[in-house]
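> here's a sequence, model it:
(chains A, B, C, D, E and F, ligands or ions: 3)
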Amino acid sequence: MNSGALISEGVNLMLLGMGTVFVFLTLLVIVTSIMSSLVQKYGAVQPAVLKTPGAAGQLDEATLLAVISAAIHAHRSKQ
Amino acid sequence: MNSGALISEGVNLMLLGMGTVFVFLTLLVIVTSIMSSLVQKYGAVQPAVLKTPGAAGQLDEATLLAVISAAIHAHRSKQ
Amino acid sequence: MNSGALISEGVNLMLLGMGTVFVFLTLLVIVTSIMSSLVQKYGAVQPAVLKTPGAAGQLDEATLLAVISAAIHAHRSKQ
Amino acid sequence: MRSLLQLFRDSGLYQLQAGQLVMVLVGLLLIFLAIRKKFEPLLLLPIGMGAILVNIPGAGFLAEPVYDAAGHIESPGGLLFYIYEAGIATGMFPLVIFMGVGALTDFGPLLANPRTLFLGAAAQFGIFTTVIGAILLSDIGLMDFSLADAAAIGIIGGADGPTAIFVSTRLAPDLLGAIAVAAYSYMALVPLIQPPIMKALTTLEERRIRMDQLRPVSQREKIIFPLSLLVLVALFLPTAAPLLGMFCFGNLMKESGVVERLSDTAQNALINITTIFLGLGVGSKLSSDAFLNVETLGILVLGILAFGIGTASGVLMAKLMNRFSSMQINPLIGAAGVSAVPMAARVANKVGLEANSQNFLLMHAMGPNVAGVIGSAVAAGVMISYLG
Amino acid sequence: MRSLLQLFRDSGLYQLQAGQLVMVLVGLLLIFLAIRKKFEPLLLLPIGMGAILVNIPGAGFLAEPVYDAAGHIESPGGLLFYIYEAGIATGMFPLVIFMGVGALTDFGPLLANPRTLFLGAAAQFGIFTTVIGAILLSDIGLMDFSLADAAAIGIIGGADGPTAIFVSTRLAPDLLGAIAVAAYSYMALVPLIQPPIMKALTTLEERRIRMDQLRPVSQREKIIFPLSLLVLVALFLPTAAPLLGMFCFGNLMKESGVVERLSDTAQNALINITTIFLGLGVGSKLSSDAFLNVETLGILVLGILAFGIGTASGVLMAKLMNRFSSMQINPLIGAAGVSAVPMAARVANKVGLEANSQNFLLMHAMGPNVAGVIGSAVAAGVMISYLG
Amino acid sequence: MRSLLQLFRDSGLYQLQAGQLVMVLVGLLLIFLAIRKKFEPLLLLPIGMGAILVNIPGAGFLAEPVYDAAGHIESPGGLLFYIYEAGIATGMFPLVIFMGVGALTDFGPLLANPRTLFLGAAAQFGIFTTVIGAILLSDIGLMDFSLADAAAIGIIGGADGPTAIFVSTRLAPDLLGAIAVAAYSYMALVPLIQPPIMKALTTLEERRIRMDQLRPVSQREKIIFPLSLLVLVALFLPTAAPLLGMFCFGNLMKESGVVERLSDTAQNALINITTIFLGLGVGSKLSSDAFLNVETLGILVLGILAFGIGTASGVLMAKLMNRFSSMQINPLIGAAGVSAVPMAARVANKVGLEANSQNFLLMHAMGPNVAGVIGSAVAAGVMISYLG
Ligand code: NA
Ligand code: NA
Ligand code: NA
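Numbering: from 1, shown residues only, chains lettered A, B, ... in the order given. Ligands and ions are numbered 1, 2, ... in the order given. Reported below is the predicted structural model:
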């Protein structure tokens, strides 16, 4: 392509690139801050969340099956 | 294939599979038991079996050549 | 090829091979000896050679660029 | 402008479909179970990550490489494409891992009490009943499994990851993802699945049975055993040779004591590297089309069935053997015959201690435990020979 | 006689061309810098060795294999051919190394002060100005760079080896050698390139700014962060998923704490093995035709420009942020936004100590430092999406 | 019924041929020698295992993969097929191992007394006389060796495993199995083969010769040496560059001291992983047709001849050098010139102590020992250049 076009392409790439970098990292700042505040707020209950392996396990097995069946249902209904 | 055939195939596979598993592991039980008893009986002579590296080595080199020549002869005569 | 030729080829290979091995290792003896004597002679100045990282670095960056430009110039002029 | 559009078209949001979103959530669930619940994290963490990566629209992790006429790469393939094709489709990774497992296995308890091999044999019953179950499910039209599919699903009952993955690559590659996830999830759930069955099938007296101290096993026996096993495989079940051959090789490296540096590498660097890539590669089979269908539910249900039946048949076999032998076996160790090394053996020990706080069954349970590994590899060999 | 001639014809002397001789010297120079000056020796030593080997006439390190009709190897290919084709052309090696880097990275400082991500973003400005620079150079006819070439050159400013190599394999394979050499050389020169710029753009008062102690970061935050980053990448920038996905995977293995053996292998055996072969493979691109041309000079000049601008924009961004926030940032840590982990952070700390011997900025600089890794991976994603 | 037949047809018994049975026994013998007699166990154990696996009828370890039209795997290949094709046919494994050997080698003793390089040169005489021997054997019609075969057989006299394997892959792939087995077996038998020859060719006085303490060698010499060697190879013998290049690279990583983590991995994880697969791959060449023929006997006989002549010429060279130099050399260290590192050096030391219990030759013998490695790599280069 002619040089003019090439340069404008370059400028294009720069605007697009720096724009994306800033938008993306800004998003990351927001998400991270929210995440951290949530963890710090509810982090205290963590011990409570921990269950006896047994109970925990049963729960998870249930969850596992439940989540996946739900997922499948949701998916099939979409089709 | 039609469902009936499929089921009978499955039963077939089950009989064959469990049969093989049991026959094979029974064989393994027998072989292992024999091996163990032999090792425990003749295990004592082990020290005696150990030779000075030199002697051992000469022996093995001989063995190595002997066995292989024998093998080759046996093999060639078969062809 | 007929056996005579094969044998002479073999002799050829032997002369060539042993010749190369000796010539090459002789060269290596010479190069190594020279290298060692040089290192032992100028090894003492080593500390002096070591510069402050900063200085050293600047020097190297310069060297790097210099050497490579020189190299390229030499190369292109050859073509 | 054009370029912004381009970027937006490349963006996940634009391309994302419900199925992929769901699979990303499934991947996150697996990672959650691996980290928080310690569900076989060595496998489920990489598998979950692979599931997420492969479902990122436009990331091209499964892209196939394009070559020009001269055979040079024009556009390179995706990471997971290379991992799957080179390591899993070829069967290399499961075999290398099996070698490492062999180098980590101690056959001592099995050699001290070879009869426990029968327990490892009985527990494979779960595999084959599950095959029938899978066939029936497709017979009543609920699902659609071929005989090969059914066999691959059954092997979940082997409670042995590499074996299940190896058989799946041979018999039912499309089900690989679901089968591997089921196998490892249920191996992690052994402490929940087995105890009720074990208790239901045994009396308190039986659970209290004491077993005599195991005899010490000489190193020479440990060296000769893998070789004997290998010869038997060579003579009678060559289709099981890849799995059991590598297993024996690994074990021989360990027991021979003359190649410590190789044995050590097989147990660490090599098995770890392979596990990372195996997990990612297995996860790459968790695409929405392959995983989000009713068959997956069937696999999950059949898998737990297989575990349960395997556990039961192991226990019942032990009780049967007690009928015909004076030397009593605590039936709890029969449950360890499903393998799931070493979790199942620990479970047997735990349940035993509940019945008698002085009765330590762990070492006794290790025998059927490793026997179960051999048993399911043999079953795998039969299936491959029958259907491969 | 014939044979002597044959041997002589095979000998290097007979075949050696000036270019190859020069490249052997360049290889020796890189090795010298690696050993004596500690210039990123982990990469420059293997790269230098690869450069020497590939330029030995008649050694055939890049020979392509010849296959017979049946597809069997008739004459095997060269070592570096296989390494390059299997590991670099496919992009495998940079991605595996990025996984290892992830397993070696601690996001704690970044999580304690997320705003430092903006510094990592600003520093990427060096990348894109360099792209313009490269285009101008070919515009005035001095050199001949396509837009893709320009982009690959710009990424040198990312100060991140694997990213630069990965982008080059995608956008400008022919420039890979020069770009990698420039990237690693300048990463080694960070202690020389950055301080003057940092001092020129800051007042003594600014360099003396004290930053408050970072808050402790919980393990749970460290576990959730890579997953959040991964989800964001999946949603908004899939073309960055290969790099950042593997990076997050490695970091998750480390922080999860449930797969120590995998994390340990990823940080040691695996990354070391890959580094050895990556270095050799990159060196194999240092053939005289590919390296001994004016473009290489351009790349070297543009590369240092990219580093400089990246440093400057990081510092200026920090000053800008101080305008709008009460919580002051020492602008020196902005320079760490170019990544070059951990060297750039050490430099910021060092320059800070010169201004105030009680002011330790190291931990504060680690935030923008790792942010820079993410930033340049994002920039790489944009370029691949725009030009790939 | 059909299925039972199927299983029986698949069974080893049904398919087993005498040749395969014999080879399984040969494999077991190699494993026995490796474990009980400590015959180079690092190689002979995996080789023996590979020999057993490849001779299991119906196990398909050498099966070639079948691809469908779209280029996807229809039926996967066998484990040993992939290992051999990817690692041995390409020459990758021997070269990677040679790099590791380089990282394990200390050139100090050689640098302290460079003249010992002549001993390493002389010992290669065994290689070339063996070539003549092989040719004569086929000349009298006893066997059928081409010139290339003869060369590959001769290299057994190099007493250097990776070199022998590398040359075989290039010149005589069909003989690879027998050559590798012979090379490693005789390296293990060095303590038996050498002493009688050494004593027969030396007087007690000569064996008692004391050599002066070696001078200390600076790290800088150790760093420059591999680079000098590499440059000489580049200039005069490029066909030896793959072997010696990787050897120098490994040694440079070790001596440079700036890449410990790479050097450590090259000496451990990487060389161990490669050794496991190299052994299996070499063993896969031990099929009955390839091994059970009179040529194998010839290779075994010629191999030991090569070792003997190499030992003798090393000793005689030392005596010759003593004629022309005041600085006396104990001729026993000449025997170490065949390499077989470090066994041959230990043997020289042992025989020396028998003659004079105060005369420690070990360090002096390490010089010719490593020189022998270089010598046989040079010889390999000549052969490949002459015949390749
Ligand atoms: Na099992
Ligand atoms: Na960066
Ligand atoms: Na040698």
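> where along the stretch 151-300 of chain D do the helices fall?
D:161-171, D:176-200, D:204-208, D:219-236, D:241-256, D:260-267, D:269-283, D:288-291, D:294-324 (DSSP state H, counting those that start in this stretch).
> what's the offset of the first one from the middle of its chain?
Going back to what we said before, that points to helix D:161-171. Relative to the chain's own centre, helix D:161-171 is displaced by 8 Å; criterion: C-alpha atoms, centre = their mean, to the nearest Å.
> hmm, that helix touching ligand 1?
No: applying C-beta under 5 Å from the ion, one finds helix D:161-171 separated from ligand 1 by no less than 7.0 Å. Placement of C-beta: from N, CA and C, glycine included.
> how about that helix and chain B, touching?
No: remark: helix D:161-171 sits outside contact range of chain B, by C-beta under 8 Å from any C-beta of the partner chain, the gap being at least 11.6 Å.
> restricting to C-alpha, output that helix in PDB.
C-alpha atoms of helix D:161-171 as PDB (Å, rounded to 0.1, in the frame of the first residue of the first chain):
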ATOM      1  CA  GLY D 161      -7.500 -42.100  35.200                       C
ATOM      2  CA  PRO D 162      -4.800 -43.000  32.700                       C
ATOM      3  CA  THR D 163      -6.500 -46.300  31.800                       C
ATOM      4  CA  ALA D 164      -9.800 -44.500  31.300                       C
ATOM      5  CA  ILE D 165      -8.200 -41.900  29.100                       C
ATOM      6  CA  PHE D 166      -6.200 -44.400  27.100                       C
ATOM      7  CA  VAL D 167      -9.300 -46.500  26.400                       C
ATOM      8  CA  SER D 168     -11.300 -43.500  25.400                       C
ATOM      9  CA  THR D 169      -8.700 -42.300  22.900                       C
ATOM     10  CA  ARG D 170      -9.000 -45.800  21.400                       C
ATOM     11  CA  LEU D 171     -12.700 -46.500  21.500                       C
END
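> and it, what does it pack against?
Under the contact criterion of 3 or more C-beta pairs under 8 Å, 6 or more residues apart in numbering or on different chains; DSSP states H and E, helix D:161-171 touches helix D:92-104, helix D:147-154, helix D:176-200, helix D:241-256, helix D:362-387.
> next one: the shortest one to chain centre, how far?
Computed by C-alpha atoms, centre = their mean, the separation of helix D:147-154 from the middle of its chain amounts to 14 Å.
> residues contacting it, please?
If you take C-beta atoms under 8 Å, 6 or more residues apart in numbering or on different chains as the criterion, helix D:147-154 is touched by B:6, B:9-10, B:13, D:126-132, D:134-135, D:138, D:145, D:164, D:167-168, D:171-172, D:175, D:179, D:298-299, D:302-303, D:306, D:383, D:386-387.
> try the first one
Applying C-beta under 8 Å, 6+ apart, the contact partners of helix D:92-104 are D:86-88, D:161-163, D:165-166, D:169, D:226, D:242-243, D:246-254, D:263, D:266-267, D:270-271, D:274-275, D:277-278, D:281, D:341, D:373, F:79, F:82.
> right, and the helix or strand after that helix?
Using DSSP states H and E, the next helix or strand after helix D:92-104 towards the C-terminus is helix D:108-112.
> which strands or helices does that next one pack on?
Counting by 3+ C-beta pairs under 8 Å, 6+ apart, the packing neighbours recorded for helix D:108-112 are helix B:3-42, helix D:116-122, helix D:219-236, helix D:362-387.
> who wins for proximity to ligand 1 among the helices and strands packed on helix D:161-171?
With C-beta to the ion as the criterion, ligand 1 lies closest to helix D:362-387 of the helices and strands packed on helix D:161-171, at 3.2 Å.
> quick one: work out the angle between that closest one and helix D:219-236.
On the basis of axes from the mean of the first three to the mean of the last three C-alpha atoms, to 10 degrees, helix D:362-387 is oriented at 20 degrees to helix D:219-236.
> how about helix D:362-387: buried residues?
Within helix D:362-387, the residues that count as buried by 16 or more other C-beta atoms under 10 Å in any protein chain shown are D:362-387.
> so how far is it off the chain centroid?
11 Å.
> quick one: the closest residue in space to residue D:306 that isn't next to it in sequence from chain B, how far?
Using C-beta to C-beta, 6 or more residues apart in numbering or on different chains and skipping the chain neighbours, the partner closest in space to residue D:306 is residue D:157 (2.8 Å). Between residue D:157 and chain B the distance is 11 Å, computed by C-beta to the nearest C-beta, to the nearest Å.
> nearest to chain C: which residue in the stretch 251-388 of chain D?
The stretch 251-388 of chain D approaches chain C most closely through residue D:261 (31.3 Å), counting by C-beta to the nearest C-beta.
> pretty sure that residue contacts residue F:274?
No: counting by C-beta atoms under 8 Å, residue D:261 sits too far from residue F:274 to count as a contact (12.0 Å).
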